[in-house]
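A.B. asks: Please work out how this folds:
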Amino acid sequence: MLTCLGCAATPPAPAPAPARPVRVGSWNIEWLDQPGLRSGPARGVQQSADDLADYIAASGVSVLALQELTMNAPDGSPRNVTISAALGILNDEHGTSWRHVVFPSARNQNVGVAWDENVVTPVSDIEGSPVPIDRAAFDDGDSLWSRPPRSLFFTAGDGMTDFVIIPVHMKSNYGGDFSARRAHEAQALGTALPEVRATFRDQDVFVIGDTNSPHHADESIMAFEHAGLTDLNHDDDITYWRGSALDRALVPADQPEFASPRFEVFFDRYAEENGISVEDFKVRWSDHRMVVFTLRVMPDDD
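C.D. replies: Below is the predicted model:
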């Protein structure tokens with residue numbers, strides 16, 4: 001073999017850049033667009049699109065489950081006008097491509113999902129697929145899940161991580177102890193998860209939102225764990241302004257996309273940087289704080 005002593009060695013091909021993880025969040029925006037139903041110092045105060053946009057931008061999320069939305073788009077579409085305005089601000093100022101959908105419910109206090117299509121794109125119908133749950137009447141005659149869960153299927157790129165998000169808002173303890181009702185809600189949803197996985201042919205199905213479960217030992221959380229999910233807020237980090245840990249992300253215990261979730265309650269840093277007190281946030285934003293975790297993006301394995 002001849003060797004060219006004066007020739008430079010051919011550099012090796014650069015390794016592909018690692019795929020950027022997706023920050024996924026959930027935020028209950030207290031009675032958005034129904035200010036008269038807000039509580040305490042926030043009663044009668046309408047949240048502004050500018051404030052919502054600033055908080056969402058600072059969080060760095062690209063997928064956001066939402067709770068307590070009014071479905072009030074003038075054209076009758078499943079949207080919320082203030083969220084539309086906030087996402088429009090983000091798109092204009094940050095070059096993002098946010099969209100959102102609000103899911104129907106028996107009351108005008110709905111859940112939904114927002115996403116940046118520069119990062120993830122929906123694979124399924126963007127109005128969501130109803131989760132096949134048993135809503136049989138509970139002991140007091142009320143049916144389970146007054147806000148019936150729906151699922152949305154997303155992809156982070158061709159051949160890369162796909163995932164199914166199920167945003168939830170479960171029964172609260174307002175007016176009594178409803179831990180048994182929440183447990184039945186969680187059991188019904190947990191029982192439906194295998195069918196959701198089969199429908200989308202994907203194992204990366206997670207539940208996120210306002211579970212109204214004040215601690216990780218709540219029967220509802222134990223029911224989710226029995227269904228194979230892990231509570232990322234197992235330490236009961238405070239998410240509600242009165243000191244409870246109501247908001248949670250429940251992710252598959254055995255899927256590599258969720259192996260390094262880096263869960264956080266996004267509040268302290270934002271409040272400190274902006275000189276915002278707990279009461280300020282309650283009045284201008286919500287009585288709940290956003291919860292966030294990191295979803296790994298990798299070659300799709302299912």
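
A.B. asks: What is the distance between stretch 231-248 and the centre of its chain?
C.D. replies: Centroid displacement of stretch 231-248 relative to its chain, using C-alpha atoms, centre = their mean, to the nearest Å, is 14 Å.

A.B. asks: for it, which positions count as buried?
C.D. replies: Neighbour counts over stretch 231-248 (16 or more other C-beta atoms under 10 Å) mark 231-233, 236-241, 244-248 as buried. Backbone N, C-alpha and C define where each C-beta goes, glycine included.

A.B. asks: Show residues contacting that stretch.
C.D. replies: 26-28, 208-216, 221, 224-225, 249-251, 261, 263-265, 278-279, 281-282, 287-291, 293 (C-beta atoms under 8 Å, 6 or more residues apart in numbering).

A.B. asks: same check, this time on stretch 41-60
C.D. replies: 23, 25, 27, 29-30, 32-33, 35-36, 38, 64, 82-83, 85-90, 93-94, 114, 266, 270, 273, 279, 282-287, 290, 292.

A.B. asks: that older thread, narrow the buried residues of stretch 231-248 to those in strands?
C.D. replies: Residues from the buried residues of stretch 231-248 lying in strands, with DSSP state E as the criterion: Asp231, Asp247, Arg248.

A.B. asks: in the sheet, who's paired with the first one?
C.D. replies: Read it as Asp231. When assigned by DSSP bridges, Asp231 has beta-bridge partners Leu250.

A.B. asks: same check, this time on Thr294
C.D. replies: Bridge pairing for Thr294 - DSSP bridges - gives Arg23.

A.B. asks: Make sure it is actually in contact with Arg23.
C.D. replies: Yes: counting by C-beta atoms under 8 Å, Arg23 is a contact partner of Thr294 at 5.8 Å.

A.B. asks: how far away is the residue lying closest to Leu229 once chain neighbours are set aside from Pro21?
C.D. replies: By the measure of C-beta to C-beta, 6 or more residues apart in numbering, the closest residue to Leu229 outside its immediate chain neighbours is Leu250, 4.0 Å from it. Computed with C-beta to C-beta, to the nearest Å, the distance linking Leu250 and Pro21 is 19 Å.

A.B. asks: Compare the two (neighbour count), which wins?
C.D. replies: Per other C-beta atoms under 10 Å, whichever of Leu250 and Pro21 has more neighbours is Leu250, with 27 against 19.

A.B. asks: circling back to that earlier point, in helices only, show me the contacts of stretch 41-60.
C.D. replies: 82-83, 85-90, 93-94, 270, 273, 279, 282-284 (DSSP state H).

A.B. asks: Please identify the helix or strand for Gly209.
C.D. replies: Gly209 belongs to strand 205-210 when assigned by DSSP states H and E.

A.B. asks: again, but for Asp158
C.D. replies: Counting by DSSP H and E, Asp158 is part of no helix or strand.

A.B. asks: What score does it have for pLDDT?
C.D. replies: Predicted confidence (pLDDT) for Asp158: 95.

A.B. asks: where does it fall, phi/psi-wise?
C.D. replies: With angles defined as degrees, to the nearest 10, Asp158 sits at phi -60, psi 120.

A.B. asks: Quickly note the distance from it to Leu90.
C.D. replies: 25 Å.

A.B. asks: and Phe153, that's in a helix?
C.D. replies: No: read with DSSP: H, G, I helix; E, B strand; the rest coil, Phe153 is strand and lies in no helix.

A.B. asks: Is it in contact with Asp204, as I believe?
C.D. replies: No: Phe153 lies out of contact with Asp204 (C-beta under 8 Å); the separation is 9.6 Å.

A.B. asks: what touches both of these two?
C.D. replies: Asp162, Phe163, Val164.

A.B. asks: out of those, which one sits closest to Asp301?
C.D. replies: Within these, the smallest distance to Asp301 is 9.6 Å, found for Asp162 (C-beta to C-beta).

A.B. asks: All the strands of the stretch 1-150 of the chain, in order from the start?
C.D. replies: Secondary structure of the stretch 1-150 of the chain, counting by DSSP state E, counting those that start in this stretch: strands at 22-28, 63-69, 98-102, 110-116, 121-122, 129-130, 150-155.
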